[in-house]
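*Asks:* Got a predicted structure here, sequence first:
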Amino acid sequence: DTGVSQDPRHKITKRGQNVTFRCDPISEHNRLYWYRQTLGQGPEFLTYFQNEAQLEKSRLLSDRFSAERPKGSFSTLEIQRTEQGDSAMYLCASSLVPPSQGAGNYGYTFGSGTRLTVV
Amino acid sequence: SQKIEQNSEALNIQEGKTATLTCNYTNYSPAYLQWYRQDPGRGPVFLLLIRENEKEKRKERLKVTFDTTLKQSLFHITASQPADSATYLCAGGNNRKLIWGLGTSLAVNP
């Protein structure tokens, strides 16, 4: 297992187009998270899954954003009708059960991200 | 609202010195705090986790503290090296999700 993989690494799209990103988490991890990050900011939570169930979605997220994790393995994040304000790094992370419930000293494992530029 | 606040100013130190970064939380009580390192154009990399019932945790040259009275965590890098130059993110969590700080940029000068 080589960690969390995200594809593509970079995406340039025209405003109004739809884009889809893929994330392959660490196989033993049952939680998967999507974040968005812009320059000089911390990661902004978008949504997370436990296995195939989407447990929470940020209220900041418009209806143009949707995420799936159909078999509890890989996940996709789709943005419809992209806007220039959607330009950001989209990060995927996975983890085991939250650290407060389990033993051990582990956190989230992030992928390298997908950088989206909307022109 | 729940917040994690970190030094917004970049920290510049000389190689070999100890770097100390601060993380303060407000309007909530995280069960644990995590520290991550992030290099430009990359995702964050997990470094350390400390729980609210732990005062201090160490890993090699790294040390993190958790003071629930001050609502603060300190992150120390001893014997710093130029390779430690990066942005360091603090995140506080409970069962559901993490709340992230904006990060502090550290530059270690040779």
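*Replies:* Yep, that arrived.
*Asks:* nearest residue to A:K11 other than its sequence neighbours?
*Replies:* Spatially, and ignoring its direct neighbours in sequence, A:K11 is nearest to A:L116 (5.1 Å; C-beta to C-beta, 6 or more residues apart in numbering or on different chains). Placement of C-beta: from N, CA and C, glycine included.
*Asks:* Pull the number of nearby residues for the one you found.
*Replies:* 20 (other C-beta atoms under 10 Å in any protein chain shown).
*Asks:* Now for it: which residues touch it?
*Replies:* A:11-13, A:19, A:21, A:79, A:82, A:86-90 (C-beta atoms under 8 Å, 6 or more residues apart in numbering or on different chains).
*Asks:* Next up, identify which helix or strand the most centrally placed residue in chain A is on.
*Replies:* For chain A, the residue nearest the mean C-alpha position is A:W34 (2.4 Å; C-alpha atoms, centre = their mean). Taking DSSP states H and E as the criterion, A:W34 maps to strand A:31-37.
*Asks:* now check the helix or strand of chain A with the lowest mean pLDDT, is it near chain B?
*Replies:* Within chain A, no helix or strand scores below strand A:53-57, which has a mean of 90 by mean pLDDT, DSSP states H and E. Yes - Strand A:53-57 reaches chain B (C-beta under 8 Å from any C-beta of the partner chain) through A:55-56.
*Asks:* still on that earlier bit, output the contacting helices and strands for the strand holding A:W34.
*Replies:* In terms of contacts (3 or more C-beta pairs under 8 Å, 6 or more residues apart in numbering or on different chains; DSSP states H and E), strand A:31-37 is packed against strand A:44-50, strand A:75-79, strand A:88-95.
*Asks:* Tell me which residues are up against the last one.
*Replies:* The reference is to strand A:88-95. Residues outside strand A:88-95 that contact it (C-beta under 8 Å, 6+ apart) are A:4, A:6, A:21, A:23, A:25-26, A:29, A:31-38, A:43, A:46, A:75, A:77, A:106-111, A:113-116, B:41, B:43-44.
*Asks:* Fine by me, we can end here.
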